[in-house]
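*Asks:* From the sequence below, what's the structure:
(one chain, ligands or ions: 1)
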Amino acid sequence: MAVPWAPFVLTISSKLDPAMNSLRDRLSRGPVIGDGGYLIELERRGYVDSGSGRERVGTGRGSGQFTPEVAIENPDALRQLHREFLRAGSQVLQALTFFGTREKLGRAGYGAQVEEINAAAVRLAKEVAGEQALVAGSVSRTQLVEREGTEALGKARDHLAEQIRLLKDAGVDFLLLETFFHLAEMKVALEAAAESGLPVVATMSFRPVISQCSDGHSPAECARVMADMGASAVGANCEQDPPRMLPLLREMRDAVSVPIAAQPAAFRTTDQCHSFTRLPEFPDSLEAIQIPRQAFADFGRIARQEAFGYVGGCCGCNAAYIRVLADAVHSHDG
Ligand SMILES: [Zn+2]
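*Replies:* Numbering: from 1, shown residues only. Okay, the predicted model is just below:
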């Protein structure tokens, strides 16, 4: 019998639980514990450029903000953060390849290092993960659609496909398509991912409110499209803290049969604006809206009770948050 997810079966029997013979199987018995946000944490430690001061960060119009050249410029800093997440309980380490397309890196002045940055990021994550964790290749939006509109989708597809080829060549276990604002761009990323044959976890980001993505689709519609296009788990990441994100995750869960993936931010949003990158605290005053780690402990309990497939964190979520999240997921008395 042909099953739609057959190309996504992944042999990882040597890693983690020996009974775990596919990502899809592991997700269905989740929650798998992800990791947290790398770029904000490494910006705080002085290894990533926020672009603040040169441009209005978050508009997608600038060049250099939050790109992952730390993988080649300060690899020890990235290696250390991977170690912290692994020690905290992460079962997946994301290679820091977020904003690693030639489009974004080129605008930041790293166009000649695209191959080197992507390969180094995967190599570092695999080195730290060893046999203890899976390594996901992070693929995010290009920002072309934000700047040029949907006419740029063809170009975006070429850039995303190129990065996915680099990540596959570098040996990632699966792809994490994340922080897409437009479902249209997520769809071209999913097409490119399907061509790679790698398993996919796909998460959209919703701003300025959780009721629809930037091209007007509800969380339920996004979830259905991502699942229909072959994602092994679907959900949301970034922009909202866990309690703010929960209603949209439940809407997605009710719309699909694949597991739900969630990597919320650790920043408080408001009833009027559900996205921290649209608040004036981003990117230089984020400490003022940092939420306590307890919110991630509560989220871990809910994720276990509601059988989410994959839970981690995004911006603002460091190892302290992942540690309490993992404890809550593994706890049997909550
Ligand atoms: Zn984030």
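
*Asks:* Please count neighbours and contacts with C-alpha atoms only from this point.
*Replies:* Fine.

*Asks:* pLDDT at the closest residue to L249 other than its chain neighbours, what is it?
*Replies:* Nearest non-adjacent residue to L249, counting by CA to CA, 6 or more residues apart in numbering: G235, 6.4 Å away. G235 carries a pLDDT value of 98.

*Asks:* From Q163, how far off is G235?
*Replies:* 22 Å (CA to CA, to the nearest Å).

*Asks:* So for the two, which sits in the more crowded spot?
*Replies:* G235 (32 against 25; other CA atoms under 10 Å).

*Asks:* Each with direction, which strands does the host helix or strand of that one pair with?
*Replies:* Using DSSP states H and E, G235 sits in strand 233-237. Sheet pairing of strand 233-237 (DSSP bridges) gives strand 200-204 (parallel), strand 260-263 (parallel).

*Asks:* close to the ion, is the first one?
*Replies:* No. When contact is scored as CA under 5 Å from the ion, no part of strand 200-204 falls within range of the ion; the minimum is 10.9 Å.

*Asks:* about what we covered before: which SSE is immediately downstream of the strand holding G235?
*Replies:* Following strand 233-237 toward the C-terminus (DSSP H and E): helix 242-255.

*Asks:* Pull the residues that contact that next one.
*Replies:* 210-211, 219-224, 235-236, 259-260, 262, 264-266, 269, 274, 295-296, 299 (CA atoms under 8 Å, 6 or more residues apart in numbering).

*Asks:* could you dump stretch 219-237 to CSV, C-alpha only?
*Replies:* Extracted C-alpha coordinates of stretch 219-237, given in CSV (Å, rounded to 0.1, in the frame of the first residue of the first chain):
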residue,chain,number,x,y,z
PRO,A,219,-3.8,28.3,11.4
ALA,A,220,-6.1,25.4,10.5
GLU,A,221,-5.7,26.1,6.7
CYS,A,222,-1.9,26.3,7.1
ALA,A,223,-1.8,23.1,9.0
ARG,A,224,-3.9,21.2,6.4
VAL,A,225,-1.7,22.5,3.5
MET,A,226,1.6,21.6,5.3
ALA,A,227,0.3,18.1,6.2
ASP,A,228,-1.1,17.5,2.7
MET,A,229,2.3,18.5,1.3
GLY,A,230,4.1,15.8,3.3
ALA,A,231,5.2,17.3,6.6
SER,A,232,5.7,14.7,9.3
ALA,A,233,4.6,17.3,11.9
VAL,A,234,3.1,20.8,11.6
GLY,A,235,2.7,23.7,13.9
ALA,A,236,4.0,27.1,14.8
ASN,A,237,7.2,28.7,16.1
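
*Asks:* Can that stretch be said to contact the ion?
*Replies:* No. Residues of stretch 219-237 contacting the ion under CA under 5 Å from the ion: none, with a closest distance of 6.6 Å.

*Asks:* re the thing from before, which stretch among the strands paired with strand 233-237 is buried most, on average?
*Replies:* Among those, strand 260-263 has the highest mean neighbour count (mean count of other CA atoms under 10 Å), at a mean of 30.

*Asks:* Tell me the buried residues in stretch 278-287?
*Replies:* 278-279, 282-283, 286 (16 or more other CA atoms under 10 Å).

*Asks:* May I have the distance across that stretch, first residue to last?
*Replies:* 15 Å.

*Asks:* Does the ion have contacts with that stretch?
*Replies:* No. Using CA under 5 Å from the ion, we find that stretch 278-287 stays clear of the ion, coming within 11.6 Å at best.

*Asks:* can you list contacts of that stretch?
*Replies:* With CA under 8 Å, 6+ apart, stretch 278-287 has contacts from 50, 52, 57-58, 207-208, 267, 269, 273, 276-277, 288-289.

*Asks:* For the residue nearest to L249, list the residues it contacts.
*Replies:* 202-204, 223, 249, 252, 260-262.

*Asks:* Rebuild the residues you listed as a markdown table, extending it with pLDDT.
*Replies:* Below are the contacts of G235 laid out as a markdown table (pLDDT from 0 to 100):
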| residue | pLDDT |
| --- | --- |
| A202 | 98 |
| T203 | 98 |
| M204 | 98 |
| A223 | 98 |
| L249 | 98 |
| M252 | 98 |
| I260 | 98 |
| A261 | 98 |
| A262 | 98 |
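
*Asks:* Can you tell me which of the residues you listed is nearest A319?
*Replies:* Nearest to A319, judged by CA to CA, of the contacts of G235 is A262 at 16.4 Å.

*Asks:* Can you give the distance of stretch 158-167 from its chain's centre?
*Replies:* On the basis of CA atoms, centre = their mean, to the nearest Å, stretch 158-167 sits 16 Å off its chain's mean C-alpha point.

*Asks:* Surely P199 touches M229?
*Replies:* No. With contacts counted by CA atoms under 8 Å, P199 stays clear of M229, the gap being 11.5 Å.
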